[in-house]
Every structure is written in C-alpha cells, then in structure tokens.
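A.B. asks: Sequence and computational prediction follow.
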Amino acid sequence: MPTLGQPIPSNSYGKAWRDAREATLTPVQLRSPMAKRPYDLRHAAVSLWLNAGVPATQVAEWAGHSVHVLMRVYAKCNLRPRRSAPRPAKAWRLAR
C-alpha cells in the first residue's frame with residue numbers, strides 16, 4: 001500500500017482493473033482492446049461527449065488540450081449521423 005500522498009503503484013490498481021473487466025465484459029470483449037487500460041476511459045469519455053453534442057471548446061477544456069488537438073485526435077470518432085449533402089442547384093430548380 002502506498003504512503004499517504006504518494007502515487008499509487010500501477011500493480012495496485014492493475015489487478016483491480018483486470019478483475020473489473022472480467023466481471024463486466026463478455027469473453028469476446030475481454031479479448032478485444034476495449035477498456036484494456038484505465039487510460040482508455042479518457043478516450044471513451046471524450047468520444048461520448050463529442051457524440052452527445054457537447055461543444056468542442058468545452059470538451060477540450062475538460063480534456064486539458066486545445067480544440068485543434070481535440071479535433072485532430074477525436075474528430076474521427078464522431079458517430080452522429082451527418083446530414084446528407086445538399087442537392088445540386090440544378091436538381092433543385094428542376095424539382096420545383
């Protein structure tokens with residue numbers, strides 16, 4: 001056990017993390033990289049916030065980096081459906 005105020009050694013929480021994964025994930029998920037490390041929850045949280053529509057400026061502040069870094073690293077995780085591209089003007093005129 002660490003001394004009060006000292007960093008917790010990774011082997012102290014590693015076993016607890018493995019036990020938690022085994023208790024909650026399916027065998028297929030256990031073989032995957034899903035939540036392999038506690039740090040993976042950071043990526044999951046940022047991805048969920050972005051997909052929930054939280055403004056990128058707010059997510060960047062919570063994550064502790066710039067919007068530029070946020071969008072470079074996490075922009076590809078956006079799972080919200082995109083609007084379809086607008087119809088070309090010519091097709092719009094013909095449809096009227």
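C.D. replies: Good, I have the coordinates.

A.B. asks: roughly how far apart are residue 61 and residue 44?
C.D. replies: 18 Å (Cβ to Cβ, to the nearest Å). The C-beta positions use only the backbone N, C-alpha and C, and glycine is treated the same way.

A.B. asks: before we move on, what about residue 15?
C.D. replies: Between residue 15 and residue 44 the distance is 21 Å, computed by Cβ to Cβ.

A.B. asks: Between the two, which has more neighbouring residues?
C.D. replies: The neighbour comparison of residue 15 against residue 44 (other Cβ atoms under 10 Å) goes to residue 44, with 12 against 9.

A.B. asks: Can you check what pLDDT the model gives that one?
C.D. replies: If you check residue 44, the pLDDT there is 86.

A.B. asks: which residue packs closest to it, ignoring adjacent ones?
C.D. replies: residue 35 (7.3 Å; Cβ to Cβ, 6 or more residues apart in numbering).

A.B. asks: what about the one you found, neighbour count?
C.D. replies: Under the neighbour criterion other Cβ under 10 Å, residue 35 is assigned a count of 18.

A.B. asks: Output the below-cut-off pLDDT ranges for this protein.
C.D. replies: For the chain, the stretches flagged by pLDDT under 70 are 1-2, 75, 77-96.

A.B. asks: just the helices in it please.
C.D. replies: Here the chain has its helices, by DSSP state H, at 10-24, 27-31, 40-51, 56-63, 67-74, 89-95.

A.B. asks: Can you give me the distance of residue 16 to residue 23?
C.D. replies: 10 Å.

A.B. asks: Many thanks, we can stop here.
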